[in-house]
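Peer 1: A predicted structure for the sequence below; I have some questions about it.
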Amino acid sequence: AQTVTQSQPEMSVQEAETVTLSCTYDTSESDYYLFWYKQPPSRQMILVIRQEAYKQQNATENRFSVNFQKAAKSFSLKISDSQLGDAAMYFCAYRSWGAGGADGLTFGKGTHLIIQP
Amino acid sequence: GAVVSQHPSWVICKSGTSVKIECRSLDFQATTMFWYRQFPKQSLMLMATSNEGSKATYEQGVEKDKFLINHASLTLSTLTVTSAHPEDSSFYICSAREGTEVAEAFFGQGTRLTVV
């Protein structure tokens, strides 16, 4: 079974600064997906960024980028130019590749991101 | 973008009764739907996976007789919490995916269940 570990229960950053959220995972699979989701107080899960394990290039989405280290099984999220709207719980998640559809997400425990104005 | 609608957003029921939660994909055909449970200030835990027209696959430790899942059409899955007890109070979230080759599943807005 796969496990996802987020070692930072809470992080705080000044508005406009950069913050990095950590995520490590354990798997014996070679092909998989990794995700970062944002959950604001509304509790709606919002996809922030996705990475396919076979891709060496790190995914980027505007101010959000990842540092994917496959050998180290590390998948950190960098948020640049932090904005007040970025304040939320952030979950790292793992999904197996091509498991016939019967594969949900395995989530880490989450990191509560606070943005200081 | 793909929209998944979950209903109701919140529900209060008496202990011993059953409650049904619906999850609908509004603009795509969801061959696979997932049900998660989230306790306060905790992460999401996968409860079960359902494929249209098939029986749901439950995660270890999830009582299939208590949490009945039906995925009778490509746009609707339901979760019925039977004989609910206060310990079943939680936030339940569904997600839906179109096909197995698609990476992303889209989430509903969740249902807060309170059993009194």
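Peer 2: All right, it came through fine.

Peer 1: could you use CA atoms for every contact and neighbour count after this?
Peer 2: Noted.

Peer 1: which residues of chain A score low on pLDDT?
Peer 2: Where chain A drops to pLDDT under 70, the residues are A:98-102.

Peer 1: just say helix, strand or coil for the residue of chain B most remote from its centre.
Peer 2: The outermost residue of chain B, judged against the average C-alpha position, is B:Glu101 (21.6 Å), by Cα atoms, centre = their mean. In three-state terms, and counting by DSSP: H, G, I helix; E, B strand; the rest coil, B:Glu101 is coil.

Peer 1: enumerate the residues of chain B near chain A.
Peer 2: With Cα under 8 Å from any Cα of the partner chain as the criterion, chain B meets chain A at residues B:32, B:34, B:42-46, B:49-51, B:57, B:99-101, B:103, B:107-110.

Peer 1: check which helix or strand covers the residue most central in space within chain B.
Peer 2: For chain B, the residue nearest the mean C-alpha position is B:Trp35 (3.6 Å; Cα atoms, centre = their mean). B:Trp35 belongs to strand B:32-38 when assigned by DSSP states H and E.

Peer 1: strand partners of the helix or strand that that strand is followed by, parallel vs antiparallel please.
Peer 2: Going down the chain from strand B:32-38, the next helix or strand is strand B:44-51, by DSSP H and E. Take DSSP bridges as the rule and strand B:44-51 pairs in its sheet with strand B:32-38 (antiparallel), strand B:57-58 (antiparallel).

Peer 1: and the contacts of the shortest one?
Peer 2: Among residues not part of strand B:57-58, those counted as contacts by Cα atoms under 8 Å, 6 or more residues apart in numbering or on different chains are A:102, B:47-50, B:64.

Peer 1: repeat that with 7 Å
Peer 2: Identification of contacts with strand B:57-58 by Cα atoms under 7 Å, 6 or more residues apart in numbering or on different chains yields B:47-50, B:64.

Peer 1: doesn't A:Gln44 lie inside a helix?
Peer 2: No. Counting by three-state DSSP, A:Gln44 is not found in a helix; it is coil.

Peer 1: how far away is the closest residue to it other than its chain neighbours from A:Thr111?
Peer 2: Spatially, and ignoring its direct neighbours in sequence, A:Gln44 is nearest to B:Gln109 (4.9 Å; Cα to Cα, 6 or more residues apart in numbering or on different chains). Taking Cα to Cα, to the nearest Å as the measure, B:Gln109 falls 20 Å from A:Thr111.

Peer 1: and A:Thr5, by the same measure?
Peer 2: Noted for A:Thr5: a distance of 10 Å to A:Thr111, by Cα to Cα.

Peer 1: which one's more surrounded, these two?
Peer 2: A:Thr111 (22 against 18; other Cα atoms under 10 Å in any protein chain shown).
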